[in-house]
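*Asks:* only geometry, no sequence info:
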Ligand code: NOJ
Ligand code: CA
């Protein structure tokens, strides 16, 4: 069937079902392949133990790997199993993202649904569902309602990933102090000596790119991966405070375990498998959900120019808020984030999470005056809820807190969960033991806030979040999140080295958007007197990050005064946050990356290209442009002598006439980048602007 990918939505839908009953107890092997026939998943029962394996074009990707569970008060569900039935089906549709990195997404897969039952006297039942796409595989367990399994406490999900080789992997440790906020390490899989977070991205010796992650993490702990053999990883669920991994009852389903498989590293970025494995939009009309750019009273706190707490340097004052609102209005930014406006920051706010009050402003912050002022300028305040891990305190106030923001015209909230290690303070008695950010308890909390926000027509930007697993498809108000080491680390830590942003798009960002907060222009912030702290990029690279790091909410993170009289700021004013299409033009994990994106609301394209600490020149032909049309490229490039270390601010801004036959030479300084706006040329410009 020929599909028109531009066709809006849900129309095309083809279901072929053939049902196959099998004899209980037989050794079974059942295959299902991707629509293009390249990826093959085989489900087998060997000696009563369920296994799956994956190959692509005849080569193993995942060797026969075990599936199953152990429980606290019941026998394990991982042996004595037989196939009692299976059926296959196919699905093909194009759905439209209300906002996103691409407008139309094709959801095209073949599915295998396998029903298993124990061969014991009191048999329990478990199903496995495999969805096989051209760009990878998702599978999950279904535990149906049944006589011999009701309430369960899962002590282990034993899903194995037996890799077919000792691939190069990019990973961060799990169970750490700072959640997901670490620099990626790369090594052979066999050298991973710790439990790691997902997405775990790998490059095989024969040139495939793989990423293991999960989709639709809804009421279950996050999956981390434990090395249990030289090239074997096993699902390691983040526990509750008491060590139990999952507390639930049948019927339930697990999140999808996902393996993205691509021939190029760039194809991982344009794989929408994670989104496809999530439920469609549950909110109906989401015209109130609006991607946008914002400035904020924020970076000043991180570099020490302002404070969150009250006092002389208090950042969230009425006067400062008005100044930021003025700037936003003048430069066409719809949002202004204000942190530190509510009481609770004085003293040790990380220790005193119970002191945060989400409806009481500091005396020098006049919320009604500021919200009226913002409204008069057509700007929205982005509210802030820092919980500092005090979940009980937050949940007690959350209804009032949301109402308060609504009353003040606020429709976006940035939340925060600063807390370290296993120290979330939950609701209820745990004898003083804490929760992880990534266990089932917090997955439920984060989801509850997303739902509550949706009821209030509020968009969310979550810091210290649970990792993204595509629920933005189901709840399009779940805009963006942190969940990685962002720009803030450049303000007060040993900083992010130049290669950090050449790894993020291939790892953490495969899960979903990130509020990285690019756009620092004063790269060394010497006036803030932070010797040893700086941003390790060139200025042009800060611009390129708006294209490279996708987020529907994008901050221009610097102090607004640092944008005055800066010609390069024009790029940040122009760059959209909502895209029709995304193309990856160069991709080498940890080295360099070029992405071109087409604006959803105009004929413009934007390109961002970044490199690690090495300078390089990348060539690309602009084949994505319309034929028979000329464009003006507005190019923000590293100057010849730019270098992140010695000369970061040197930028050249130029214009050239281009078309789809133009080959661009993208010169990147060490730690540099290039940002390009490509817009249709006016008739006059086709004569006056010099061809590239
Ligand atoms: C950490 C967040 O990442 C940052 O953006 C925020 O300013 C602080 N917490 C305070 O809430
Ligand atoms: Ca953070």
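*Replies:* Arrived safely. Computed from a prediction, not measured in an experiment: that's the story for all the values here. Residues are numbered from 1 along each chain as shown. Ligands and ions are numbered 1, 2, ... in the order given.

*Asks:* kindly report the domain assignment for the chain.
*Replies:* Partitioning the chain according to automatic domain parsing yields domains covering residues 12-276, 284-483, 498-692.

*Asks:* between those, which one is closest to residue 490.
*Replies:* With distances scored as Cβ to Cβ, the stretch of the domains of the chain nearest to residue 490 is domain 498-692 (4.5 Å). For the C-beta atoms, the positions are set from N, CA and C on the backbone; glycine is no exception.

*Asks:* sheet partners, orientation included, of the helix or strand harbouring residue 636?
*Replies:* Secondary structure here is read from DSSP states H and E; on that basis residue 636 sits in strand 631-638. Here strand 631-638 has these sheet partners by DSSP bridges: strand 651-658 (antiparallel), strand 673-680 (antiparallel).

*Asks:* and the next helix or strand along the chain from the first one, what does it pack against?
*Replies:* The first helix or strand that comes after strand 651-658 along the chain, using DSSP H and E, is strand 663-668. Judged by 3 or more Cβ pairs under 8 Å, 6 or more residues apart in numbering; DSSP states H and E, strand 663-668 is in contact with strand 605-611, strand 616-621, strand 631-638, strand 673-680.

*Asks:* please repeat the previous calculation with a cut-off of 6 Å.
*Replies:* strand 616-621 (3 or more Cβ pairs under 6 Å, 6 or more residues apart in numbering; DSSP states H and E).

*Asks:* off-centre distance for the strand it packs on?
*Replies:* The chain centre lies 27 Å from the centre of strand 616-621; the measure is Cα atoms, centre = their mean, to the nearest Å.

*Asks:* can you check stretch 381-395 too?
*Replies:* Computed by Cα atoms, centre = their mean, the separation of stretch 381-395 from the middle of its chain amounts to 21 Å.

*Asks:* just stretch 98-114 next, same as before
*Replies:* The offset between the C-alpha centroid of stretch 98-114 and the centroid of the whole chain comes to 17 Å, using Cα atoms, centre = their mean.

*Asks:* just stretch 668-683 next, same as before
*Replies:* Per Cα atoms, centre = their mean, the displacement of stretch 668-683 from the mean C-alpha position of its chain is 25 Å.

*Asks:* averaged pLDDT, that stretch. What do you get?
*Replies:* When pLDDT is averaged along stretch 668-683, the result is 99.

*Asks:* pull the residues that contact that stretch.
*Replies:* The contact list for stretch 668-683, computed with Cβ atoms under 6 Å, 6 or more residues apart in numbering, reads 498, 536-538, 540-541, 543-544, 571, 574, 603-611, 613, 615-616, 630-638, 642-644, 666.

*Asks:* run a quick neighbour tally on residue 129.
*Replies:* As a burial measure, the neighbour count of residue 129 was computed by other Cβ atoms under 10 Å and equals 16.

*Asks:* who's in contact with it?
*Replies:* Applying Cβ under 6 Å, 6+ apart, we find residue 129 in contact with 113, 140.

*Asks:* which strand residues bridge it?
*Replies:* Beta-bridge partners recorded for residue 129 (DSSP bridges): residue 113, residue 140.

*Asks:* distance of it relative to residue 93?
*Replies:* Here the distance between residue 129 and residue 93 works out to 18 Å (Cβ to Cβ, to the nearest Å).

*Asks:* that's a strand at residue 53, yeah?
*Replies:* Yes. Under the criterion used here (DSSP: H, G, I helix; E, B strand; the rest coil), residue 53 sits inside a strand.

*Asks:* that one reaches residue 44, doesn't it?
*Replies:* No. In terms of Cβ atoms under 6 Å, residue 53 does not count as a neighbour of residue 44; the distance is 7.4 Å.

*Asks:* all helices for this protein, in order.
*Replies:* Listed from the start of the chain, the chain has helices (DSSP state H) covering 265-269, 273-276, 299-303, 318-331, 367-376, 391-407, 440-455, 488-492, 539-548, 569-574, 683-688.

*Asks:* quick check: residues of the stretch 251-400 of the chain near ligand 1?
*Replies:* Taking Cβ under 6 Å from any ligand atom as the criterion, the stretch 251-400 of the chain approaches ligand 1 at residues 298, 339, 386.

*Asks:* can you count the residues close to the first one?
*Replies:* This means residue 298. Counted by other Cβ under 10 Å, the residues lying close to residue 298 total 28.

*Asks:* got a pLDDT number for it?
*Replies:* Residue 298 carries a pLDDT score of 98 in this model.

*Asks:* list the residues that contact it.
*Replies:* Counted by Cβ under 6 Å, 6+ apart, residue 298 has contacts 337, 339.

*Asks:* measure it to residue 177 for me?
*Replies:* Remark: distance between residue 298 and residue 177 (Cβ to Cβ) = 23 Å.

*Asks:* same thing with residue 415?
*Replies:* Using Cβ to Cβ, which is the criterion applied here, residue 415 is 20 Å from residue 177.

*Asks:* one more: residue 268?
*Replies:* To residue 177, residue 268 is 29 Å away according to Cβ to Cβ.

*Asks:* and those two? Which one has more around it.
*Replies:* Neighbour totals were compared for residue 268 and residue 177, and residue 268 leads with 27 against 12 (other Cβ under 10 Å).

*Asks:* what's the spacing between the nearest residue to that one once chain neighbours are set aside and residue 272?
*Replies:* Closest residue to residue 268 in three dimensions, ignoring its sequence neighbours and counting by Cβ to Cβ, 6 or more residues apart in numbering: residue 262, at 4.8 Å. When Cβ to Cβ is the yardstick, residue 262 and residue 272 sit 12 Å from each other.

*Asks:* cool, residue 317 as well?
*Replies:* Distance, residue 317 to residue 272, using Cβ to Cβ: 44 Å.

*Asks:* on that earlier part again, quick one, which of the contacts of stretch 668-683 are buried?
*Replies:* Among the contacts of stretch 668-683, those that count as buried by neighbour count (16 or more other Cβ atoms under 10 Å) are 498, 536-538, 540-541, 543-544, 571, 574, 604-611, 613, 615-616, 630-638, 642-644, 666.

*Asks:* out of those residues, which touch ligand 1?
*Replies:* Subset of the buried ones among the contacts of stretch 668-683 in contact with ligand 1: empty, counting by Cβ under 6 Å from any ligand atom.

*Asks:* list phi and psi for whichever residue of the stretch 101-250 of the chain sits closest to ligand 1.
*Replies:* Nearest residue of the stretch 101-250 of the chain to ligand 1 (Cβ to the nearest ligand atom) works out as residue 181 at 8.2 Å. Reported as degrees, to the nearest 10, the phi and psi values for residue 181 are phi -90, psi 70.

*Asks:* which parts of stretch 189-204 are buried?
*Replies:* 189-190, 192, 195-204.

*Asks:* and the end-to-end length of that stretch?
*Replies:* Between the opening and closing residues of stretch 189-204 there is a gap of 10 Å (Cα to Cα, to the nearest Å).

*Asks:* okay, now the unreliable bits of the stretch 1-150 of the chain?
*Replies:* In the predicted model of the stretch 1-150 of the chain, residues 1-27 satisfy pLDDT under 70.

*Asks:* and the residue of it closest to ligand 1?
*Replies:* Of all residues in the stretch 1-150 of the chain, residue 99 sits closest to ligand 1, at 21.8 Å by Cβ to the nearest ligand atom.

*Asks:* so that residue touches residue 576, yeah?
*Replies:* No. Assessed by Cβ under 6 Å, residue 99 is found out of contact with residue 576, at 10.5 Å.
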